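Colleague: Here is a sequence together with a model predicted from it:
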Amino acid sequence: MINLLTRVCVFAGVLVIVGCTTSTHQPQTPAPVTSKPTSVVKPGEPAVVQPQPGAVPKPVPSVALNPAAQSLAKQARQQYLSQDYQGAIATAERGLRIERRAADLYLVLAQSYVQLALPEKAKMFVQQGLRFAAPGSDVAQGLARVQEMVDQGY
């Protein structure tokens, strides 16, 4: 019995090691710096991100959204685009209960709170979203744009 348990533990350990070494995650290259952003948050547009001199971004593991969270993210984005900011917030929060590391849901929340003139809440969601967004991704750039707007008092 102990021998069988030992074999199972060794096999599980090998699977973990093999899974870690066969990752296909490739880092994204940062987007080029463009002109100053406008004062309107538009979904899907890249944001201006000024790199910090000497700063090296930490690699962020890519998060594969589970299908339910992915569906809620799409629904929240549609509600935001149709100017249903309260609905977008409620839907995005439901999505975060399923997948708390979904950076695109944090972006919808931050943008919605900007539109509702609640900059402190927007800033809070920007900071949380930047923890999970891949550096240089559209989501990271959108979060940076919201951050700039909040800092400038939009």
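Modeller: Cool, the structure landed. None of these values were measured; they are calculated from a predicted model. Numbering: from 1, shown residues only.

Colleague: Just read off the phi/psi values of residue 102.
Modeller: Main-chain dihedrals, residue 102, degrees, to the nearest 10: phi -80, psi 100.

Colleague: Quick check, it in contact with residue 95.
Modeller: Yes - in terms of Cβ atoms under 8 Å, residue 102 counts as a neighbour of residue 95; the distance is 6.1 Å. The C-beta positions use only the backbone N, C-alpha and C, and glycine is treated the same way.

Colleague: More neighbours: the two, which one.
Modeller: Per other Cβ atoms under 10 Å, whichever of residue 102 and residue 95 has more neighbours is residue 95, with 27 against 24.

Colleague: so how far is residue 79 from that one?
Modeller: 12 Å (Cβ to Cβ, to the nearest Å).

Colleague: swap in residue 102?
Modeller: For residue 102, the distance to residue 79 - Cβ to Cβ - is 16 Å.

Colleague: what residues do residue 102 and residue 95 have in common as contacts?
Modeller: Common contacts of residue 102 and residue 95, defined by Cβ atoms under 8 Å, 6 or more residues apart in numbering, comprise 69, 73.

Colleague: count of residues packed around the closest residue to residue 98 other than its chain neighbours?
Modeller: Excluding the flanking residues, the one nearest residue 98 by Cβ to Cβ, 6 or more residues apart in numbering is residue 69, at 4.3 Å. For residue 69, the neighbour count with other Cβ under 10 Å is 23.
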